[in-house]
Every structure is written in C-alpha cells, then in structure tokens.
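Trainee: predicted model and sequence follow; I will ask about them next.
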Amino acid sequence: MTTRISVPLSEVNDEFLKELKEKYPVGTRLDIQVVDLEGVPAFSEDDFWSIINLLDWSAETRAEVLEPVVKTLAEGPISHIYLFEDILAEKLFQLDTRKHADAAYSEGHFSEDGFLYIRAAVVAGGQEKYRQVLQDPTAIPANEDFEPLLSVASRAFKQKTGSPFDYIPPTNYETYSNTAGW
C-alpha cells in the first residue's frame, strides 16, 4: 500500500513525525520528494554545466583543478550542493552502459571503479564532451579518469558547514546500477 501525503515543509516537526510512526508499521519506508511550488528551479542543468566549466585544468594537482568548483558551490545555497550531486549522479548513471564499458575496455580487462572514474572524466570534460560520448560510446576516453569529481559536493558541503556530507543521491551511479544499460 502506498499513501501519498503532501504537507508544507513548515508543518514537518517532531509531532508530525511521531504521528506518522504511530500510524504506520515499523517496516514502512518514508520517501521524501521536495516540490518547489514557485516553479522556478533552484539549480538547473545549465547551472550544473556552468559549474563544471569552472574546473581549472591549468592547475598543478587534481585537487586544485576542483577548487573553483568547490568554492563556487560552497558560496551558494546548501541546496545547490545537493542538486549538483543529484545531477552529477544522473549524468554518471546515463553513461553506465555495456556499450560504454566495452568501448573503454576494448582490451578485455575491466575495473568497476575504473569505469566509474572514466565516466567522471567524461562529465568533467563538459557538456559537449558528455553529449558526444552519450551518443557515441566509442568516443569515451579510455585513458582518462577523474575520480576527484566525485568529491566535489562533499568538499563544498564541508567547506560551507564544517560538517561531513551525509547524503546519497536518488540515482545510484556505481557501475552496473543502470540495469537497462547492461
């Protein structure tokens, strides 16, 4: 059984949660969907790509390459950090296909983590590179990887709040998560 409850965020308090716990059995899962009633996205896909374009490829270390992105996200609303992570996860998920993996690992050896880092390099390459590889798996850069991109939201959140980023995006980007692509 699925019950849909729609309430303003201001009404979600300890009493409301207590009532839910009393009403529904222990094995019940609560899924939360945030709806912007103004209809204006707080952080769009265009915003995501604008942030990605801030990567400083002239920097000496990979951590330094990320600095402009981390700084920009940390200076904005916390919600942008979460939404950046959500969009990143979706982009990585879309590239998680057998065709992309076969193109990246034509020699036969396959690494699940390595394939994730190759997909991260595609996203880090910008919107045009991402679209090209999404449409043509053989364009995937098998010799490139950019694992540090996976830490952007975590680093931005830590910089902004001083706390660890304890968040799992709704889309799983680990290799083999896109079951339709395999």
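Mentor: Yep, that arrived. Numbers count the residues shown, from 1 in each chain.
Trainee: and stretch 131-151, how far from the chain's centre?
Mentor: Taking the mean of its C-alpha atoms, stretch 131-151 sits 15 Å from the chain's own mean (C-alpha atoms, centre = their mean, to the nearest Å).
Trainee: what average pLDDT does that stretch get?
Mentor: For stretch 131-151, the mean pLDDT works out to 97.
Trainee: wait, L66 sits on E147?
Mentor: No: L66 is beyond contact range of E147, at 10.9 Å (criterion: C-beta atoms under 8 Å). C-beta coordinates here come from the backbone N, C-alpha and C atoms, glycine included.
Trainee: name the residue in the two with the higher neighbour count.
Mentor: L66 (22 against 15; other C-beta atoms under 10 Å).
Trainee: skipping its backbone neighbours, what lies nearest that one in space?
Mentor: Excluding its sequence neighbours, the residue lying closest to L66 (C-beta to C-beta, 6 or more residues apart in numbering) is P148, at 5.5 Å.
Trainee: next: P68.
Mentor: P68 sits nearest to L54 (C-beta to C-beta, 6+ apart), 4.1 Å away.
Trainee: what of L73?
Mentor: Closest to L73 by C-beta to C-beta, 6+ apart is A156, at 3.7 Å.
Trainee: just the CA trace of the strand or helix carrying that neighbour, in CSV.
Mentor: Using DSSP states H and E, A156 sits in helix 152-161. What follows is helix 152-161, C-alpha atoms only, in CSV (Å, rounded to 0.1, in the frame of the first residue of the first chain):
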residue,chain,number,x,y,z
VAL,A,152,33.0,18.0,-5.2
ALA,A,153,29.7,18.1,-3.3
SER,A,154,31.3,16.6,-0.2
ARG,A,155,34.2,19.1,-0.2
ALA,A,156,31.8,22.0,-0.8
PHE,A,157,29.5,21.0,1.9
LYS,A,158,32.4,20.6,4.4
GLN,A,159,33.8,24.0,3.4
LYS,A,160,30.4,25.6,3.8
THR,A,161,29.1,23.9,7.0
